[in-house]
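Show me the folded form of this:
(one chain, ligands or ions: 3)
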Amino acid sequence: MKSLSRKGISILGATGSIGKQTLDVIRNHRDEFELVAFSVGENIPLARKIIEEFQPKLVSVKNREDWSRLKSEYVGNIHFVYGMDGLIQVAIHNDTDVLVNAILGSVGLLPTLKAIEGRKRIAIANKETLVTAGHLVMKKARDFGVEIIPVDSEHSAIFQSLKGENQKEIKKIILTASGGSFRDLNREQLKSVTVEDALKHPNWLMGAKITIDSATMMNKGLEVIEAHWLFDVPYDQIDVLLHRESTIHSMVEFQDKSVIAQLGTPDMRIPIQYALTYPKRIPNESESLDLAKLGTLHFQPMDMKRFPCLQFAYDAGRIGGTMPVVLNAANEVAVNAFLEGTIRFLEIENWIERAMNQHHSIPNPDLETILKVDEETRNEMKKWGSKEKWRT
Ligand SMILES: NC(=O)C1=CN([C@@H]2O[C@H](COP(=O)(O)OP(=O)(O)OC[C@H]3O[C@@H](n4cnc5c(N)ncnc54)[C@H](OP(=O)(O)O)[C@@H]3O)[C@@H](O)[C@H]2O)C=CC1
Ligand SMILES: CC(=O)[C@@H](O)[C@H](O)COP(=O)(O)O
Ligand SMILES: [Mn+2]
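Ligands and ions are numbered 1, 2, ... in the order given. Below is the predicted model of the structure:
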């Protein structure tokens with residue numbers, strides 16, 4: 001039986017960067033939280049370690065073969081599931097109080113919708129889900145009275161800055177952007193960058209896909225759309241500001257020109273923990289922000305020509321309908337191709353632009369239309385480019 005005094009936490013994507021940091025938060029607050037269920041993709045060795053340490057009730061893996069192997073290894077009280085049905089079972093487990101959606105990509109959409117129907121509070125890191133179907137997710141959350149608490153550092157900052165405020169009094173949201181791994185390179189220099197260089201984010205240690213998204217500025221583009229849905233703010237009232245240090249995680253300017261910001265060291269365990277304890281705050285082992293040591297903070301306006309992916313995201317958001325579905329799917333496919341070494345860095349933006357140019361947006365799409373457009377975009381893009389690796 002689940003303990004009555006502890007919150008039951010379930011995690012989609014427990015083996016990823018956010019997933020592992022969520023486990024850290026649970027590990028450091030055993031009196032507050034218990035891990036009920038989790039999903040992994042293909043990292044079975046880490047899944048075994050998590051099972052042994054946390055003894056959850058339900059574990060989901062991506063593939064049937066892994067499910068079959070784990071089932072025979074652990075004969076006892078742990079229930080094993082797999083595939084999309086497995087993700088959904090994690091999302092709606094009876095003992096879940098908070099679902100941490102830390103899976104990568106729009107595969108997180110269906111489990112999110114099911115969790116809302118199951119009236120689970122959702123701590124959402126998985127921005128691709130909100131980009132793809134923000135209108136469906138937020139409407140369903142309102143209909144079912146479910147709270148969606150942001151984990152993404154910028155959105156957690158905005159959420160915290162808005163606490164106790166009147167949402168109608170927002171003048172603008174200011175998302176901060178580090179500039180990513182190539183912030184000091186010009187477009188000419190971007191032609192020859194490598195995957196290894198792209199994976200060196202200046203401030204945050206994150207999964208591969210989001211680190212590339214930071215370097216192309218698509219991460220900020222996805223975050224603009226994410227902010228639009230989470231806070232119900234029009235695109236004209238969402239700005240992006242280059243801020244090298246990632247110390248101010250984001251800000252809100254109000255009608256009276258007051259600006260409220262949230263600051264902290266770049267440590268994702270802080271917003272993850274807040275999403276789990278909200279509206280409470282509890283102590284942790286994270287480092288305190290030392291502004292005197294930092295001395296100076298830097299700010300620069302965003303150059304859309306240098307970072308066209310950010311412009312694509314604003315365009316897709318403003319066009320609306322299925323265009324953000326295409327933006328996201330094209331980005332997922334292109335980043336994957338770059339990570340596999342079959343396209344170069346600047347081809348990521350070319351592929352996204354091409355996919356968007358080929359698409360006629362369908363307004364106010366339902367779930368079926370979204371899934372269809374997502375699949376069609378990925379299938380179309382399979383025909384592009386060579387399978388030859390350009391890097392050794
Ligand atoms: N990392 C960060 O600091 C931040 C991340 N985010 C967002 O959080 C989400 C996760 O990011 P991050 O943790 O960096 O990503 P990672 O790549 O580190 O982790 C992704 C997780 O999802 C699992 N996964 C991937 N594809 C599938 C699939 N098809 N089926 C089942 N499981 C799958 C992986 O499993 P496995 O490895 O076992 O195969 C892994 O557990 C993204 O949406 C990202 O934009 C937002 C803010 C900050
Ligand atoms: C930690 C986090 O929330 C990331 O989304 C981070 O913001 C990436 O940094 P930039 O996109 O600002 O480079
Ligand atoms: Mn972020």
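
use CA for all of it now, contacts and neighbours both
OK.

what about stretch 238-257 and ligand 3, touching?
No - counting by C-alpha under 5 Å from the ion, ligand 3 has no neighbours in stretch 238-257; the shortest distance is 8.3 Å.

Are that stretch and ligand 2 in contact anywhere?
No - using C-alpha under 6 Å from any ligand atom, stretch 238-257 never reaches ligand 2; the gap is at least 6.7 Å.

what comes up buried for that stretch?
Within stretch 238-257, the residues that qualify as buried are 238-254, counting by 16 or more other C-alpha atoms under 10 Å.

Output it in PDB with nothing but the alpha carbons.
Extracted in PDB, the C-alpha atoms of stretch 238-257 (Å, rounded to 0.1, in the frame of the first residue of the first chain):
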ATOM      1  CA  ILE A 238       6.200  37.100 -25.400                       C
ATOM      2  CA  ASP A 239       9.800  38.400 -25.800                       C
ATOM      3  CA  VAL A 240      13.100  36.600 -25.800                       C
ATOM      4  CA  LEU A 241      16.200  38.100 -24.300                       C
ATOM      5  CA  LEU A 242      19.800  36.800 -24.600                       C
ATOM      6  CA  HIS A 243      21.200  36.300 -21.100                       C
ATOM      7  CA  ARG A 244      24.500  34.400 -21.100                       C
ATOM      8  CA  GLU A 245      24.500  33.400 -17.400                       C
ATOM      9  CA  SER A 246      21.100  31.600 -17.200                       C
ATOM     10  CA  THR A 247      20.800  33.200 -13.700                       C
ATOM     11  CA  ILE A 248      17.500  35.000 -14.300                       C
ATOM     12  CA  HIS A 249      15.400  32.200 -15.500                       C
ATOM     13  CA  SER A 250      12.700  34.500 -16.900                       C
ATOM     14  CA  MET A 251      10.600  37.500 -16.000                       C
ATOM     15  CA  VAL A 252       7.100  39.000 -16.200                       C
ATOM     16  CA  GLU A 253       6.600  42.700 -16.800                       C
ATOM     17  CA  PHE A 254       3.200  44.000 -15.600                       C
ATOM     18  CA  GLN A 255       1.000  46.900 -16.800                       C
ATOM     19  CA  ASP A 256       2.500  49.200 -14.100                       C
ATOM     20  CA  LYS A 257       6.000  48.400 -15.600                       C
END
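
Residue 157 and residue 261 touch, don't they?
Yes - taking contacts as C-alpha atoms under 8 Å, residue 157 lies within contact range of residue 261: 6.9 Å.

more crowded one of these two?
residue 157 (24 against 18; other C-alpha atoms under 10 Å).

Checking my notes, that one in a strand, right?
No - counting by DSSP: H, G, I helix; E, B strand; the rest coil, residue 157 is not found in a strand; it is helix.

how much space between it and ligand 3?
Residue 157 sits 10 Å away from ligand 3, taking C-alpha to the ion, to the nearest Å as the criterion.

Let me know the pLDDT of that residue.
Looking at residue 157, its pLDDT is 99.

ok, for it, nearest residue in space, not its chain neighbours?
residue 262 (5.0 Å; C-alpha to C-alpha, 6 or more residues apart in numbering).

Can you name the helix or strand that the one you found falls in?
strand 259-263 (DSSP states H and E).

Other residues contacting that strand?
Strand 259-263 has contacts (C-alpha atoms under 8 Å, 6 or more residues apart in numbering) with 157, 158, 160, 161, 247, 248, 249, 250, 251, 252, 253, 289.

Can you classify residue 81 by secondary structure?
Taking three-state DSSP, the label given to residue 81 is strand.

May I have the residues that are in contact with it?
58, 59, 60, 61, 67, 89.

Now rank those residues by neighbours and give me the top one.
Using other C-alpha under 10 Å as the neighbour criterion, residue 59 leads the contacts of residue 81 with 30 neighbours.

do you know how far that residue is from residue 112?
Distance of residue 59 to residue 112, computed by C-alpha to C-alpha, to the nearest Å: 17 Å.

again, but for residue 179
Residue 179 is 30 Å from residue 112, by C-alpha to C-alpha.

Residue 6 too?
23 Å.

The two: which has the busier surroundings?
residue 112 (27 against 15).

need the helices for the stretch 151-300 of the chain, in chain order.
153-161, 187-190, 195-198, 208-216, 218-231, 269-277, 291-294 (DSSP state H, counting those that start in this stretch).

and the third one, what does it pack onto?
In this structure, helix 195-198 makes packing contacts with helix 208-216, judged by 3 or more C-alpha pairs under 8 Å, 6 or more residues apart in numbering; DSSP states H and E.

Can you spell out which helices and strands pack onto the helix it packs on?
Helix 208-216 packs on helix 195-198, helix 218-231, helix 323-340, going by 3+ C-alpha pairs under 8 Å, 6+ apart.

For residue 166, find the nearest of the ones you listed.
helix 218-231 (11.3 Å; C-alpha to C-alpha).

is the closest one anywhere near ligand 2?
Yes - legend: contact between helix 218-231 and ligand 2 by C-alpha under 6 Å from any ligand atom is shown at 219, 220.

Contacts for that helix next, please.
127-128, 130-131, 134-135, 138, 154-155, 167, 175, 177, 210, 213-214, 233-235, 238, 240, 309-314, 317, 328.

That concludes my questions; thank you for your assistance.
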